[in-house]
Structures are given as C-alpha cells and as structure tokens.
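Novice: Give me coordinates for this.
(chains A, B and C)
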Amino acid sequence: MRALERHRKLTAIWASETGFKGWFSTVNHNDLGRMFLFTAFFFFIIGGLLAMLIRVQLATPNSAFAGPEIYNQIFTMHGTVMMFLFAIPTFEGLAIYLLPKLLGTRDLAFPRLTAYGFWCYAFGGTMLIVAMLFGIAPDGGWFMYPPLSSAIHSPGINADFWLIGITFVEISAIAAAVEITVSVLKYRAPGMSLEKMPIFAWYALITALMILTGFPPLILGSVLLELERAFGLPFFQADLGGDSLLWQHLFWLFGHPEVYIIFLPAAGVISTVLPVMCRTTLLGYGWIVSAALALAFLSFGLWVHHMFTTGIPHLGLAFFSAASTLVAVPTGVQIFAWIGTMWKGRPELHLPMLHILGFFVTFVIGGLTGVMVAVVPFDWQAHDTAFITAHLHYVLFGGFVFPIFAGIYYWLPHFTGRQQFFRLGELAFALVFVGFHVTFLAMHWVGLLGQRRRISGYTPEDGWSVINLISSVGSFILAIGIAMILIDVLLHIFTARRSCRNPWNATTLEWAMITPAPAYTFASLPLISCRDPLGREPALATALARGEGYLGVPREGLRETLAVDSASGRPEMHVLYPANTRLPIVMSAVTGLFFLSLLLKFYWTVPLALVGVIILAWRWVWSLGLRDDPAMQPVGHDLTLPSAATAERAPGWWGSVFLLTANGTFFGALLFGFAFLWTVAPGWPPPVWFKPSVLEFALGVAGAVIAPLAMRRAIRKNRAGDTPFSNVLIALFGIAVLGITCAALMMRAPAPTSHAYGATLLVLGGYGLFHATVAALMSGFLATQMRLGFTSAKRRAAFPIVALWVKYASITGLIILSAAHLPGMLS
Amino acid sequence: MTELLRILLAPLVWLVSFSAIYGLHGLLCETAEGSFAEFPVQRFVLLAAFLLAIALQITILWVLYQPRFAAPAGLLRFVSRAGGWTGLVATVWTLFPIVALSTCT
Amino acid sequence: MLAGAAAIFGLVMILLVFSFRRNKNSGEEEGQIRVWIIGLGLAFPALVLGALLAYGLVVGERLLPRDGVNLVQVSAQARRWEWRFTYADAPALETTGVLHIPAGRPVDIAITTADVIHSFWVPRLAGKLDAIPGHTNTLRLEADAPGTYQGVSAEFSGAGYDAFAFQVVVHDESDWAAFLQGQPE
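Specialist: Predicted coordinates for the structure are as follows:
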C-alpha cells in the first residue's frame, strides 16, 4: 500500500463529519484540542476587555465610569474568566492537542470524554457570560467569601451563577485531567518508557494529578455554599454552627495549587521549546522532573498563606510561611536548569524565544515579590493591596501568558502547516512587554502607598492619581500588543506560505507528521528508543507515513491504537476507539439542564435531568460491549496483542482509579470540613445530637462488607468460566442495603436548617446514598450484560471496574455511618 | 502503579504529616489552655509529632536506598530518591518553627 | 529585602544576557548540572530563603502580644460600612468611625464583625487583622506619638467598600483621661 493510499483510508476512518456539523459529533483530539484553544482565547478576549474596563475606571480619581455595583461585577468576572475559563482550559486544549502527538499514539484514552469535557466547559462558560450580559454576573470577588456571598448579603441570583457555572466548568477540568493522566500512563508509542517520555508529558501528568486533587475542595465548597443559599443549610453561618473560615480553607486548598496548575504546563512549554531554540537538549531532565514533582506537592502546603490575616496563631502561620519560602527552591532549580540549557546551547532569537525571555524577566520579578509576601510581617501590610494584584499578575502573566504565547508561535506551523510571513509578532511582543511592565510596576508602587485591591475609586487627596494614570496607559499599550498578536495569528492562519515539515528542527515526535496534522495523527506508530526520536532518525516521518511502524495497515472503519505498560512502555493491549457521535454533546446538554434547573430553581426538572444522565451514561457504556470473544490482534513487526476488552486492568479501570482519586479528595475535604466545624466553629455543640441506631449501623456495615466480597467472588468465578450472576446480584443487594441506611441517616439528620451539624450529616448521608446508587446501577448494568451474553471468561474487563466502584461506595459508606452513629453510641 | 507510588510516597507522607501537625496545633491551642504544673504539654506533643514525622521520612528514604525496594536504575530511581529527599527536607524545613517559636500565641 | 531582590534579579538577567555569547566553554553535562542546578538552583535559593525565613519569623515573634504593663483594652466591631469602638476603661462610651487610644501604651483591640468579613488596618500603626463572624481576633499595637492616623477596612465587603475608612486618634496622657471622662477635646 502506498503512503497516499494509506493516508486516504486512514482519513476516511478518523475524519469528523464535514462542515460545522462535524463540530458537534467529533471525538477526535485534533478537533477538540483546537476547539478548546479557540474557545479559551475567546474567553481571554472577554477577560481582557474586562481588564480594560477596570483600568478605565481607575485611570482617574473619583471616576464616574461605573458605579460599585457594576464595577464589582467587572472585577469579579475578570478574575473568574481568566482563571477558570482561560488559563485551565488553555492547558487542557494544548495538552489534548499535543499529547497524542508527543507520545506517538493516535488519540487520547477516552475520546468521547474529551468531547463531553469540552461541551461542559463551553456551556458552563456561556452561562457565566450570558449572566454578565444581563447585568446579573457574580459580584462578590472571584474568591466568593461568605457571608458576603451568602443569601443574606447577596440575595440575587448573581452568586448562584458563579457557584453553578464554575462547578459545571470544573467537571470539564476533572474529565480532562482523568483523560490526560490515563493517556500519559497508558497511551504511548511502543518502547516509550517513562524515562523516554518528552518532558511536556511529565508536566502534563503532574498537572493533571494536581487538578484531580486540587479541584475537589472547591467543588465541595461550591456545593455546600449553593446548598446554603438554596436550602438554608448553614455551613458558613457562624450563629448556626457554621464558619465562614471553612470556605476560606476549602477555597485556598484549591486556590494555591491552582497557581501551580497554571504555571506547570507553561513550564512544560518552556522545557520543550527552549532547548529547540538553543539547538541543544534540556539540561538535567531528571532534575526538572523531580523539581516539578516537588513543586506540585509543596503547593498543597501553602494554602493558609492566603489567610495570614485571619487571626491564626503565629506558629500556625510560621508553618505556611516556611512552606511558602521552600516552594521557591524547586522553582529555582527549574529556572537555573533553563538558563544552564541556554549556556549549553546557542540561543537564537526567534519569536518564541522572545516570549521566553519575556517570561524570565517577568516571572523572576513575580517570584521575588512572592517571596517577600511569604514573610508574615510584610504580608500583614501588603495583604489586599494593589501590591498583591501586581504580584499575582507578574506570576500569572509571566508564568503563563508569555510561555503560552511562546508555545502558540512555536506550534503555529503545526496547527496550520504554514510559516511566519509578516513580521508583526516582534512588534507585538515589544508592545506587550513594555505595556505589561508599565502597568504592573506602577501597581506595585501604588500598592505600597496603600491603595487597596478592589476599590472602584479614590480621591485626588490620596495622591495615587498619576501612578494610576501611568498604569492605565500601560494597560492600553498591553492591550494593543495582544490585539496585534491575535491579528498576527489570524493572518498566519489565512495567508502565510506553506511551511516545511519540521520548521524548527525539533526532535520530538509531534513534528514527525504532515502539517496541519492529519485526523489519524500517525499513519503507523513508531518504536521509541530514545528521548529525541526525530533527532536520531530525521526521516522518521516518511517511514511512519509508509506504514513501517506498528498498526500500519488500516482496517475497515476501525480506529485502532496500542496501549502500553505504564513504566516500561512495552505494548500491552490493542485498543479500538469509538467513532464520531453526538452522545457527548447531548449528555453535557442534559448535565447543563440539571445545573440550569438548580440555578433557576425549577426543581421539577432536576430529577428529569438526572434520569436523562443515567440513561445516556448507560448507552455510553453499553455501546462498548462485545458479543463475541475478540481474537488476538496482529499489530505489525510480528507482534500480536490481546484486546483491551480482555484485560484485567482495562483503560476504563485506569480511568475509574483516577476519577475515584478526585472523588476521594472530595470526600476527604468533606470529612475535613466536618471535623473543622466540630472543633473550630463557634456555636457548637449543636442543640440536638443525632440519635444513633444500632440496627441501622449494623445493617449498613453488613451491606458494606458483603458487597465487595461478593464482587471479588464474582471476578474469580468469571475467570474460572462460570457466569457469576448470583454473586453480582448479592453485591447489588448489599450495596442497596448500604444505600438505604444512608438514606435513613439523611431522613433522621437533626434539624439540618438550624445547625451545621445536622446539615453536614445530611450531606454525608447524601454522598453515601449517591455512591451506593452509582455502584448499584453499575452492578445492575453488569448483571444485564451477563444475561445478554456480553461477558465471558475472556471479556472480563467490566468486572474489576464495577468491583472498584462497589469497594469505593462501601468504604466511604462505612466511614459515613461511623462518623454519624459511633460518637453517639460511644458517649 | 508501583513506580508512581514509589515516587509519590515521601512527599505524600510530608503532606499528611504537615497538615496533621497543623491541625493538631490548632486543636491543642483551641482546647487546652495553658500548661499542667508548669509543664508545656502542647509544646511537648508537637515536638514528639515533629520527631515522629522526621523518623518516618528517614525510614522512607532508607527504604528507597535499599536494593530490594529501590526502583530499577535510571531516571525512576533518581526521581524516587529525589522525592524521598524532598519529603525529608520539606518536613524539617516547614515544621522546624515548632522548635523555635512560642506555641500558642 | 528590596535590595536583595534587585541583586538576585540582576544576577539572573546577567546570566541570561551572557548565555547569548558565542564562545562559552561549556564542559561536561555533569559539571553543568553541578554548577547550574545544584549550585545556583538548589543551594543558592535554599540559603537565601532560609535566612529570610528566619528573619521573618524572628520579627513576627517580636510583634506578638506579650503580657503588657499598662495594657489598654478596646473593642472594634465592623458592620457594613462603619466601625464602632468601645472601651474597657469606660464601658458607657461608644465611638463610631473614630478610635481613641493613648500614646505610649500597648493597646489590645478585640476585632469582631456584625455581618460579613472585614479587615482592620491602620498602615502606620500595625498590619491587618480580619474581623470574622463568630470569632474575636486581637490586635496588639502601640502608638508612639499623639496624632491622627488613617485606617481602612481592607477586605472587600460589597458596594460601600471604597469609602469604608476610619480614624485613629492618639492622645497624650491628659487628653486620654479627659476622653475617658467623656470630655472630647
């Protein structure tokens, strides 16, 4: 078969539907990555316009441009849009587009999940923007501190838009994070061990794991605050046993890792682009991986440094002050490793390199001011002044926007297959650089003079007028620069001349293909033996196009790839992807209906939406079932692999593990909240305690013990060739009993609206009931599959997955019942 | 999975002990006012917890250097040991204020 | 702190500029790792940050409220958008928007809120401390000289946040006694 013929056949298999209809049904990472990036930059423009409005307001004293009501919406939305709708989705989009190409495979682990995540993001973001257009956008600051954001002080629907819209968007982030984690660990080219992975994949893996553990506390906080607002459960009301400090803890447990979730992918871009710009390899690969890991962990020990002024004892602050200084060490390792890389090679001043230099200047200043505010006494003065605003913009613009622009310019030829033609980019960079520093250096200064954050005006007597005017002028230069970059990119997309295949002479795999990337990504999969495959074998692209790698023979209508052993990169199984479908967009629309019903308080459509989600999820998984045992599949180079459907640990199992990691963090944060309220909140003990019941407790425990044991037995029997129908039914029964005891806990929770104790028990019971229901549905699904002959001793992949969820429901159920019943029984 | 755990273990233990000691400190200072017969209980408990956390980290680091448990040579071994050192240094660095500062003011 | 930060920034910039030189004697990768990563990346920040941290903790420790002699106790309660101050030495007295304290004596301010979170900040006298529902935070400060000091609330609190300010009037000994007697100057 000739290369062109192979190209045609593979394109027919992998392409999305033509025209705009294709957007709604595509599950291909090439499309979805671009859609993510495009949407993220759309929101970036909106966030930028809001920033301009802020600077207009502050340009002159006693500004009459916007009143505080409008101004509060503007700065709240600026922060929210930039953080949640621009920064995180840009990482997701870049990772979704690049990872399969860098890793030498054809798509991500769960293509339909990618699409679902995208649509959740698009719908959630649209909700927020629409709210803004109607003038009912959230106005309590992007941090939404209660009681300012609770029903008494923010009675409108504004805050609900934030809580529900952001939770919806975070579902998309969790989906993308599961996707990225499993893809990096399992979906790589044969031979690509963890050691040989491109550095960006390490960064993406670490960032995704951070999203899985960093976002759940905020999701929990949003759920609790929305429950308080909608149903009066007083989690954050001091007079009813709640505590507004709980929100601050949950918010910053998310909020600080978030900063590094934003920085690490950008660092991944630098680690990828910088060596190419310097015609060398990255200095200290192992050190950089270790530093990124250390950074990820340390960032979870910093959250209280946003709360230095809340009256925590000095020793408590000292822990976090120490951790905040320590986190600068792994950052330093990375910075100096990059400078060392520049010394090792011969840096060339291409456009991406300019932006990397912009990153160095800006980020180092941001890091240094960051170390300053890590010192507690200094922070007591600087906290909540414009100094902090300036600091965080140095960190985020320096540590994210500059590297992302570097990345955009670096990979633009890959997206479009064209090379730079107009020299607009250099001028644009100069404007952005100058504008940025004028704006925010001035802001440092005015902050030290005492200007607070988030004020909508000041008087001439304050003496800040000139500095603010300078800052505003700088911001307009910055805005012109960014507009020019966008124009430059558009000109590039539509007019520039064709580029050669690997314009930067890079050595990573994403350049071993025609550009723009074909729908199938690689015509055949390479065998990897080193970290820079294209450097060692410059003709790799042609060899792959000729089908000399694995899976070089297209099979009718089948989207095929390989999954590997996560450490060694040894090929492990043969994977078939689902094809184009509208299921993800429909599913996220129904999910959106659920959130929208909550938002608009149409409670009668909530159960409808829930049933809809269940039916769609059932269809989603059902379509993967096989009626017959799949044969061993030859994949080329004399290698034959089993199908993923016959694996003990199928992709779905891996996805479940990481989804449950996020879920477990959510549960852990909930338990933390319970303990926090119990010990720290004023207004305890509650007026009435929960009445423990030995019967309920014993029944629940019995159910939680029986169900996982029955599933374990089922796996064994199935492997031996039996059909363990009865075992799965026993598991279903056990989990149902557990669910009923959780429901009983919810019913009997003492006065949930009059004290946080009862409210927390209600939520704990709800959590248990929800997971018991999910596990029961999954057991029911498995039983149905068995009845209809979709499982066998070989087609066994579903069993361990269901067992995992049953086990999770049982363990969390046990903890919930213990937390509710045991204190009363023991005292 | 083992490879991942080996890398993540020490920093994870740091995170747990750091948060636990922070919580413990809050509890001790919230509930038990003052000291029993001039004996600073809170300080003693915190110091004990600090030493325990360090001991845990040293154990993990020791295990990571044992040929029986260590990762296969190369990058993974390097990164897992770097993780071990991160855990130890982070434990000492972030919790040493227990030794130096007054406990509950 | 600023000078140190400027020096570090200067160092990084010089290293960046010199990386563009053509003839650099770059040795073995091992040696480069030792210089760049272990030396400059690991040891250098660790030393600087260790020193800075120690300094910050010592200063913080010194700012802690010790048992003061001659301690004055006042309460500050915030609500949207005004501060109310009461005085332990004169229980009947309440002032709104203006806090009166004596010079040269340690003052403990018990900070509370009646509604949302606020923050008590008099830049020239002390750092910020938040007013959080259900909690009482105590700020220790001491003003050396009599005079009037500007204070603001430094936690976003909604529409009236801009103008949410107060004053601290520091009295000498005789004025303070007169104030407590209910005879403002």
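
Novice: what's the residue nearest in space to the middle of chain B in contact with, if anything?
Specialist: Closest to where the C-alpha atoms of chain B average out (CA atoms, centre = their mean) is B:A53, at 3.4 Å. By CB atoms under 8 Å, 6 or more residues apart in numbering or on different chains, B:A53 lies in contact with B:13-14, B:17-18, B:21, B:91, B:95. To be clear about C-beta, it is placed using only N, CA and C from the backbone, and glycine gets the same treatment.

Novice: okay, now the domains of chain C?
Specialist: C:2-63, C:72-180 (automatic domain parsing).

Novice: Quick one: the helices in chain C, in order.
Specialist: All helices of chain C, identified by DSSP state H, fall at C:2-18, C:29-32, C:44-63, C:173-180.

Novice: Could you pull out the buried residues of the third one?
Specialist: I take that to be helix C:44-63. Across helix C:44-63, burial judged by 16 or more other CB atoms under 10 Å in any protein chain shown covers C:44-46, C:48-49, C:52-53, C:56-57, C:60-61.

Novice: out of the contacts of B:A53, which are inside strands?
Specialist: Nothing among these maps onto strands, per DSSP state E.

Novice: who wins for most neighbours among those?
Specialist: Of all the contacts of B:A53, B:W14 has the most neighbours under the rule other CB atoms under 10 Å in any protein chain shown, reaching 31 neighbours.

Novice: List the residues that contact A:L478.
Specialist: For A:L478, the residues meeting the contact criterion (CB under 8 Å, 6+ apart) are A:431-432, A:435-436, A:438-439.

Novice: pLDDT weak spots in chain B?
Specialist: By pLDDT under 70, the low-scoring segments of chain B are B:31-39, B:105.

Novice: so how far is A:G135 from A:G301?
Specialist: 40 Å (CB to CB, to the nearest Å).

Novice: which of the two has more neighbours?
Specialist: The residue with more neighbours, out of A:G301 and A:G135, is A:G301; 25 against 10, by other CB under 10 Å.

Novice: May I ask which helix or strand encompasses the closest residue to the more buried one other than its chain neighbours?
Specialist: In this structure, A:G301 finds its nearest non-sequential neighbour in A:A323, 4.3 Å apart by CB to CB, 6 or more residues apart in numbering or on different chains. Per DSSP states H and E: A:A323 is located in helix A:314-326.

Novice: Give the next helix or strand downstream of that helix.
Specialist: Once helix A:314-326 ends, the next helix or strand along the chain (criterion: DSSP H and E) is helix A:328-344.

Novice: Give me the buried stretch members for that next one, please.
Specialist: A:328-344.

Novice: Can you narrow those down to the ones near chain B?
Specialist: Residues of the buried residues of helix A:328-344 in contact with chain B (CB under 8 Å from any CB of the partner chain): A:P330.

Novice: Report the contact partners of A:G457.
Specialist: When contacts are counted by CB under 8 Å, 6+ apart, A:G457 touches A:57-58, A:61-63, C:162.

Novice: which among the residues you listed end up buried?
Specialist: A:57-58, A:61, A:63, C:162.

Novice: tell me which of those is nearest to C:R21?
Specialist: Of all the buried ones among the contacts of A:G457, A:L58 has the smallest distance to C:R21: 43.1 Å, by CB to CB.

Novice: how about the CA coordinates for stretch A:691-700, as PDB?
Specialist: The C-alpha coordinates for stretch A:691-700 follow below in PDB (Å, rounded to 0.1, in the frame of the first residue of the first chain):
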ATOM      1  CA  LYS A 691     -29.800   9.500  67.700                       C
ATOM      2  CA  PRO A 692     -27.600   6.600  66.800                       C
ATOM      3  CA  SER A 693     -29.300   3.300  65.900                       C
ATOM      4  CA  VAL A 694     -27.600   0.000  66.300                       C
ATOM      5  CA  LEU A 695     -29.900  -1.600  63.800                       C
ATOM      6  CA  GLU A 696     -29.200   0.800  61.000                       C
ATOM      7  CA  PHE A 697     -25.500   0.800  61.700                       C
ATOM      8  CA  ALA A 698     -25.300  -3.000  61.800                       C
ATOM      9  CA  LEU A 699     -27.300  -3.300  58.500                       C
ATOM     10  CA  GLY A 700     -25.200  -0.700  56.800                       C
END
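
Novice: Now do the buried residues in that stretch.
Specialist: By neighbour count with 16+ other CB under 10 Å, stretch A:691-700 contains the buried residues A:692-693, A:696-697, A:699-700.

Novice: any chance of those in CSV, with secondary structure, distance to C:V169 and pLDDT too?
Specialist: Converted to CSV, the buried residues of stretch A:691-700 look like this (DSSP: H, G, I helix; E, B strand; the rest coil; distance: CB to CB, whole Å; pLDDT from 0 to 100):
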residue, secondary structure, distance to C:V169, pLDDT
A:P692, coil, 57, 94
A:S693, coil, 61, 94
A:E696, helix, 62, 96
A:F697, helix, 62, 96
A:L699, helix, 67, 97
A:G700, helix, 63, 97
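
Novice: who's in contact with the most centrally placed residue in chain C?
Specialist: Centroid check for chain C by CA atoms, centre = their mean gives C:G127 as the closest residue, at 1.9 Å. Applying CB under 8 Å, 6+ apart, we find C:G127 in contact with A:309, A:377, A:379-381, A:383, C:63, C:121.

Novice: What about the residues you listed, which are in helices?
Specialist: Counting by DSSP H, these contribute A:377, A:379-381, C:63 to helices.

Novice: Of these, which ones also sit close to chain B?
Specialist: Okay, of the ones in helices among the contacts of C:G127, nothing touches chain B (CB under 8 Å from any CB).

Novice: Which single one of these is nearest to chain B?
Specialist: The nearest member of the ones in helices among the contacts of C:G127 to chain B, counting by CB to the nearest CB, is C:L63 at 10.5 Å.

Novice: Check what pLDDT the closest one gets.
Specialist: If you check C:L63, the pLDDT there is 76.

Novice: Next, the contact list for it, please.
Specialist: Taking CB under 8 Å, 6+ apart, we find C:L63 in contact with A:377, C:127, C:140.

Novice: would a markdown table of the residues you listed with pLDDT be doable?
Specialist: Shown next, in a markdown table, are those (pLDDT from 0 to 100):
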| residue | pLDDT |
| --- | --- |
| A:P377 | 81 |
| C:G127 | 87 |
| C:R140 | 89 |
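
Novice: in chain B, which spans are helices?
Specialist: Along chain B, the stretches classed as helices by DSSP H are B:2-31, B:41-65, B:75-95, B:97-100.

Novice: ok so, going back, let's see if you can find the most crowded of the contacts of C:G127.
Specialist: Most neighbours among those, by other CB under 10 Å: C:W121, with 28 neighbours.

Novice: quick one: it and chain A, what's the gap?
Specialist: Computed as CB to the nearest CB, to the nearest Å, the C:W121 to chain A distance reads 8 Å.

Novice: you'd agree that residue is up against C:A154?
Specialist: Yes. C:W121 is within contact range of C:A154, at 4.3 Å (criterion: CB atoms under 8 Å).

Novice: Please, where are all the strands along chain C?
Specialist: Under DSSP E, chain C gives strands at C:72-79, C:82-87, C:90-96, C:98-102, C:107-113, C:118-121, C:129-131, C:137-141, C:147-153, C:165-171.

Novice: Any buried residues in the shortest one, and which?
Specialist: Buried positions in strand C:129-131, judged by neighbour count with 16+ other CB under 10 Å: C:129-131.

Novice: can you list the residues of chain C near chain B?
Specialist: So chain C meets chain B at C:50, C:57, C:61, C:64-65 (CB under 8 Å from any CB).

Novice: one step back: can you tell me which of the buried residues of stretch A:691-700 lies nearest to A:R34?
Specialist: Nearest member of those to A:R34, counting by CB to CB, is A:G700, at 48.9 Å.
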